Each structure stands twice: as structure tokens, then as C-alpha cells.
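Engineer: Curious how this folds, go ahead:
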Amino acid sequence: MAELISKLKTMQPGPQPITVEGWVRTKRDSKSVCFIEVNDGSCLKGLQVVADKASIDNNLLNNISTGCSVVCEGTLVASQGGDQAVELAAAKITIVGECPSDYPLQKKRHTLEYLRDIAHLRARTNTIGAVERVRSKMAFAVHSFFQNNGFYYVNTPIFTASDCEGAGQMFQVTTMDLNNVPKTEDGKIDYSKDFFGKKTSLTVSGQLEGETYATALKNIYTFGPTFRAEDSNTKRHLAEFWMVEPEMSFCTLEGDMKVAEDFLKYIFKYVLENCEEDMDFFSKFVEPGVKDTLIHVVESPFAHLTYTEAVKELEKSADKFDFKPYWGCDLQTEHERFLTEEVCKRPVIVTDYPKEIKSFYMKLNEDGKTVRAMDVLAPRLGEIIGGSEREYRLDVLKARMAELGLREQDYWWYLELRKFGSVPHSGFGLGFERAVQYVTGMQNIRDVIPYPRASKQCEF
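Structural biologist: Model prediction:
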């Protein structure tokens, strides 16, 4: 296997034979020499290959075009230009795959909207290539943080008969013939005839199943795809996305907040240390100052506000908002950004939300009105993490489910966790794409996942 271009660019010139494999970004001709930039996706800028027309077949050089794949053999020499330290003096070039003139990615800037229509090719661009390299490093950092801190990685199911959020925005899964759906005597759909024998959906979260393993292994985390059937055509929503969800037994909300802060700082610092070239690119061309923002987050202790305190701060500046804040409202992105950017000037953890706007599984506070929930809000984005201490008291959880109209028989196994050796436990969820969006400064979440899935969008 040939060395990656990212490594070759750090090597010293020398006589040893070098092989470069990749795709042609640009080709530039002079009278006696052909300059070819070859990129293999391992770094932002490719390696310049210099082909002497006196020694390389001119017909072959004429057939090299933007987008074609090549294998170049030669030696590394000191570069005569100022953009790179070394370049490849080519002794042999082989065209592996030709690329005709209708290749959609020519040497010009393309809009991100256009690139979404050619998602199978857009990773070859500087912007999307940089996003995917950062995304890969962030995924590694997720696993590194939890593995280094005694957590076990648990794979939770994609198919489920339980609605974790209780919101009903789930994709239904069936193998029934939709042109001849079986019905019961009273005219309702007979799910007993379906593959699983009951109404089944794609999961919106691995949390409930994660809790079962946290009550056996103490500290666990999940990292996998989740699905929401929200018809939201926004820059922050996807129908299919990845979630990171740790769950910790014998852990209260205070411990949950500490882990969330440490976790974010770890993955941000990891990106800053391991994706310097790409982060410089994002700061220069995508979101000016995004690198400095990350450094600020890593170095700043997070602020803490209760929901009630946060609403009071927002009400002082109510005229600034499209959505007027009031106690009991669900905080909007404009509210969250104001708290982080204007009030605290750093990330903020807001706690103790009204129970009416939070999920059934969150622990009820003694006031009977609020729950032990927490959201981590980040400057420029808003909510990046949502979590809570879970309700571990069986009688209180049953009462809360009845209040929301949830059937106990649908959650019998979840209730048994509160029956057999129940313990206080907490966890949170991080939408991975939102985190990638925040780190890179990309404005649309559909540009930080390889193949975005949203309402009316399921190409490729």
C-alpha cells in the first residue's frame, strides 16, 4: 500500500522510490513541464507531481484531466514553489481511471446546495473532505473519551416498539402488503400479522435500552443512528442522524453535568490538536474565528443557570426576540444563543426545566413542577447536549406515565428496572452531526453527514 499524501508531505527529499495514488485536482502546463496536483483525501492540499515532458509520454499527459485517478512513481525533491516543502519528480505516471469533460467538479467554487445534489462526488471537494476528516477524528475522540473513563460501548437496537421521547414522531416499519393491509374485526390494522407481531418503529434514541445495561455495567455509552419523523426543513434537523448517549448508574444530575462538560472539552481539544490544517481552513473560508471559539470553550468553565433564572434574564431583553420568553416556554435557539453569547459569554448549562416540556423519564423535583433536566448550550449554536437524572422511583414514574397517557404494558421492562435493584442514574444525548456542525462552522447540518436524510430527501 502506498503512503498517504499527508505523510509524504512531511518527509524529506531523497532518492528512495515513492508511489503516489489519488485523484487529479488540477493540471497546469508549461513548455517543458506539466504540474499535476494529486489528492488522496488524507489532507486538504494535495501533492504536486512534476512531469518532465521529455521523459513522460505527452499523449498520456494530454489525457490527464481533473477528476481522473492516477498512480505516480518517482522521488521526492525540494519544491521550487512556496506552497509546499516537497514535490514528486515523476518517473512514471499511470492513468487508472479516465475522467471525461462532463465531470461535475471542475476547478471553480461550487455552492453547497449544488454539491448536495451530487453527494456521491462531493467528498472530493476541499470543504466536504475537510468535514469528513474532522467527523472521523471526532468519532474516534468519542470512543476514546468513554473508553479511557471506564465506560462500556453498548449497541442498542434500531427497531423498537417503545417511543423514548413520547412524542410519536417515529418512522413505522412494516413488511405488510400496503395494498392489502390485514385488519381486525373492528377495522383496525392487525399488527399481529406483521413481521414483529406488533407495531414497530425506527428508534428515536437508544437511551431506554442503554439504561438497562447501565444497571448492570454501571457506566455505558451508545453511539449509533437514530431517526425522527419530523417534517422540519431547517438547517438544524435531519430525519436520520447519529447520537452519542452515555448512561451512568449511581450518578445524580451534578455528576451528569460534570461528565458532559469534560466530554465536550475533550473532543473539541482532540480536534484542535489533530485537525489543525482543516480547522485553519474552516476559520478562513467557512466561519471566521471558529477555531478561536473552540479554544474558548475548551478553556472556559461552563456557566450554570436554572431554567427560572434563565427566563428572568431573557425577560429583561424580551424586545430582542421574535419568540417572547415566559416561564413554561420551550427555549428557542435565539434564547439559547443570547444566554451564551450575551449574558454569560461562554457555554451555559441550564437545569430544572418545567416538567410539561420535558420527557416522562426525567426525575421530578420536590416542587412537583420541574424536573432534574439539563441542557448544555454553546455559543453560536444553542443546545448541543440534552440530559437528565432519570426517575428511578417506581411509583413516581408510573404516576408520570399515567399523566402523559403512556401505557405501562409498553414499558413493562423499563419499569422493572425500578423494581429490581433501582438506583439513581443519569445520562445525556449529543447529536453528533450538531457537534460536527459546531466544530466546523458549517451552516447547514446536511453538509456534515455523508448522505443527508430529510423530508422529501432520500437520494443515493
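
Engineer: How about the residue in this protein that sits furthest from its center?
Structural biologist: A54 (49.4 Å; Cα atoms, centre = their mean).

Engineer: so that one sits in a strand?
Structural biologist: No. Under the criterion used here (DSSP: H, G, I helix; E, B strand; the rest coil), A54 is coil, not part of a strand.

Engineer: any chance you could map the strands in the stretch 351-460 of the chain?
Structural biologist: 370-378, 382-389, 425-431 (DSSP state E, counting those that start in this stretch).

Engineer: a markdown table for the ones you listed, including mean pLDDT, distance to I118 and mean neighbour count?
Structural biologist: C-betas here are computed from N, CA, C, even on glycine. Formatted as a markdown table, the strands of the stretch 351-460 of the chain follow (pLDDT from 0 to 100; distance: least, Cβ to Cβ, whole Å; neighbours: other Cβ atoms under 10 Å):
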| stretch | mean pLDDT | distance to I118 | mean neighbour count |
| --- | --- | --- | --- |
| strand 370-378 | 97 | 31 | 25 |
| strand 382-389 | 96 | 30 | 22 |
| strand 425-431 | 97 | 26 | 24 |
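
Engineer: Need those strands in JSON lines (columns: distance to L272).
Structural biologist: What follows is the strands of the stretch 351-460 of the chain, written out as JSON lines (distance: least, Cβ to Cβ, whole Å):
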{"stretch": "strand 370-378", "distance to L272": "15"}
{"stretch": "strand 382-389", "distance to L272": "17"}
{"stretch": "strand 425-431", "distance to L272": "18"}
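
Engineer: for those, which one sits closest to V350?
Structural biologist: strand 370-378 (5.1 Å; Cβ to Cβ).

Engineer: I'd like the distance from the closest one to the chain centre, please.
Structural biologist: Distance, stretch centre to chain centre, for strand 370-378: 20 Å (Cα atoms, centre = their mean, to the nearest Å).

Engineer: Give me the residues contacting it.
Structural biologist: Residues from elsewhere that reach strand 370-378, judged by Cβ atoms under 8 Å, 6 or more residues apart in numbering: 252-253, 256-257, 260-261, 264, 297, 302, 307, 331, 336-337, 339-340, 347-355, 358, 362-365, 383-389, 428, 438.

Engineer: could you check the angle strand 425-431 makes with that strand?
Structural biologist: For strand 370-378 against strand 425-431, the angle by axes from the mean of the first three to the mean of the last three Cα atoms, to 10 degrees is 40 degrees.

Engineer: can you list contacts of stretch 186-205?
Structural biologist: By Cβ under 8 Å, 6+ apart, stretch 186-205 touches 156-161, 163-165, 167, 169-176, 181-184, 226-228, 243, 245, 429.

Engineer: among these, which ones are buried?
Structural biologist: Among these, those classed as buried by neighbour count (16 or more other Cβ atoms under 10 Å) are 156, 160, 163-164, 169-170, 173-174, 226-228, 243, 245, 429.

Engineer: Considering these, which member attains the minimum pLDDT?
Structural biologist: Least confident of those in the model: C164, at 68.

Engineer: And for the closest residue to V436 other than its chain neighbours, the neighbour number?
Structural biologist: Spatial nearest neighbour of V436, chain neighbours left out: V448 (4.2 Å); criterion: Cβ to Cβ, 6 or more residues apart in numbering. Applying other Cβ atoms under 10 Å, we find 24 other residues in the vicinity of V448.

Engineer: can you give me the helices for the stretch 151-300 of the chain?
Structural biologist: For the stretch 151-300 of the chain, the helices defined by DSSP state H, counting those that start in this stretch occupy 207-217, 253-274, 276-281, 290-299.

Engineer: Tabulate those helices in CSV, adding columns for mean pLDDT and mean neighbour count.
Structural biologist: Shown next, in CSV, are the helices of the stretch 151-300 of the chain (pLDDT from 0 to 100; neighbours: other Cβ atoms under 10 Å):
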stretch, mean pLDDT, mean neighbour count
helix 207-217, 96, 20
helix 253-274, 98, 19
helix 276-281, 97, 17
helix 290-299, 94, 18
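
Engineer: which intervals of the stretch 51-200 of the chain have sub-threshold pLDDT?
Structural biologist: 164-168 (pLDDT under 70).

Engineer: Which parts of it are strands?
Structural biologist: In the stretch 51-200 of the chain, the strands defined using DSSP E, counting those that start in this stretch lie at 69-78, 86-97, 152-153, 159-160, 172-173, 200-202.

Engineer: what does the second one contact?
Structural biologist: Right, strand 86-97. 8-9, 11-13, 18, 20, 36, 47-52, 55-56, 60-61, 63-64, 68-81.

Engineer: now it, how far from the chain's geometric center?
Structural biologist: Computed by Cα atoms, centre = their mean, the chain-centroid distance of strand 86-97 equals 36 Å.

Engineer: Tell me the strands beside it, with direction?
Structural biologist: Looking at strand 86-97 with DSSP bridges, its partner strands are strand 47-52 (parallel), strand 69-78 (antiparallel).

Engineer: Can you tell me which of those strands is most buried?
Structural biologist: Counting by mean count of other Cβ atoms under 10 Å, strand 47-52 has the highest mean neighbour count of the strands paired with strand 86-97, with a mean of 22.

Engineer: Might you report the residue contacts of F223?
Structural biologist: A139, V142, H143, Y153, W242, M243, V244, E245, F432.

Engineer: The same query, at a cut-off of 7 Å, please.
Structural biologist: By Cβ atoms under 7 Å, 6 or more residues apart in numbering, the contact list for F223 reads V142, W242, V244.

Engineer: and if you look at V298?
Structural biologist: K265, F268, K269.

Engineer: Which one of the strands paired with strand 86-97 lies nearest to K27?
Structural biologist: Going by Cβ to Cβ, the one of the strands paired with strand 86-97 nearest K27 is strand 47-52, 9.4 Å.

Engineer: Could you list the buried residues of stretch 332-348?
Structural biologist: Using 16+ other Cβ under 10 Å as the test for burial, stretch 332-348 gives 332, 335-341, 343-344, 346-348.
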